[in-house]
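Engineer: Would you be able to build a 3D model of this:
(chains A and B)
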Amino acid sequence: AQSVSQHNHHVILSEAASLELGCNYSYGGTVNLFWYVQYPGQHLQLLLKYFSGDPLVKGIKGFEAEFIKSKFSFNLRKPSVQWSDTAEYFCAVIMNRDDKIIFGKGTRLHILP
Amino acid sequence: EPEVTQTPSHQVTQMGQEVILRCVPISNHLYFYWYRQILGQKVEFLVSFYNNEISEKSEIFDDQFSVERPDGSNFTLKIRSTKLEDSAMYFCAGGAGSNTEAFFGQGTRLTVV
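Structural biologist: Below is the predicted model:
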């Protein structure tokens, strides 16, 4: 079955640490890839997206993600996290020009001040 | 900045009652979605809606669920006879295209007692 896997369910880091959140999907065809963030008490917001072109995409707030087709991965990175990055992060995929987004289970990120 | 608005933010209902969750999508969006997130679980696709009809629905979206866009602005999700397991956060989303990013509302927390 088509699915999206996020390996880290809960990550705790100190401020200024580097971040990498893993995301893999199981589908061999064309994909559109997203990372969404949900800050406490707020709605899902788009961090970044990949449709085509340069596999290294940059998003808001210093986040970036790299699409590695051979690994079916789209990991999210940030070189130096801030306390305000505390939130839940969702990897999401649209598979083969489908019209629905499939989400991973989410990773809860907690940044210690 | 335009945003998707959902009402109410929290609804408590008795098992067996009907509920209607309301959403006002961004005005130039053409594709509309409902997702839900049971506490501690992933964001799950329920239904997509385009051109005044359902384009896709998941296994969760059974006969108890229906969607409408009655007046060209509101987009509603109705649950005819709620069950305890319908308790979840329900998110409305909209997009300009069929395989582009979706913009989410803040969600309605439905509690069935």
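Engineer: List the contacts of the helix or strand hosting residue A:12.
Structural biologist: Using DSSP states H and E, residue A:12 maps to strand A:10-14. Here strand A:10-14 makes contact (CB atoms under 8 Å, 6 or more residues apart in numbering or on different chains) with A:19, A:21, A:81, A:107-112. Heads up, the C-betas are built off the backbone N, CA and C, glycines and all.
Engineer: what's the closest of the residues you listed to chain B?
Structural biologist: Of all these, chain B sits closest to residue A:108, with 10.1 Å by CB to the nearest CB.
Engineer: and the gap between that closest one and residue A:39?
Structural biologist: Residue A:108 sits 12 Å away from residue A:39, going by CB to CB, to the nearest Å.
Engineer: Spell out which residues belonging to chain A are near chain B, please.
Structural biologist: When proximity is defined as CB under 8 Å from any CB of the partner chain, chain A approaches chain B at A:32, A:34, A:36, A:42-46, A:49, A:90, A:92, A:94, A:97-106.
Engineer: hang on, the earlier thing: so which of the contacts of strand A:10-14 are in helices?
Structural biologist: Judged by DSSP state H, helices contain none of the contacts of strand A:10-14.
Engineer: which of these count as buried?
Structural biologist: With burial judged by 16 or more other CB atoms under 10 Å in any protein chain shown, the buried subset of those is A:19, A:21, A:81, A:107, A:109, A:111.
Engineer: Any chance of those in JSON lines with pLDDT and distance to residue B:7 as columns?
Structural biologist: Listed next are these as JSON lines, based on pLDDT from 0 to 100; distance: CB to CB, whole Å:
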{"residue": "A:19", "pLDDT": "97", "distance to residue B:7": "35"}
{"residue": "A:21", "pLDDT": "97", "distance to residue B:7": "32"}
{"residue": "A:81", "pLDDT": "97", "distance to residue B:7": "34"}
{"residue": "A:107", "pLDDT": "95", "distance to residue B:7": "29"}
{"residue": "A:109", "pLDDT": "97", "distance to residue B:7": "29"}
{"residue": "A:111", "pLDDT": "96", "distance to residue B:7": "32"}
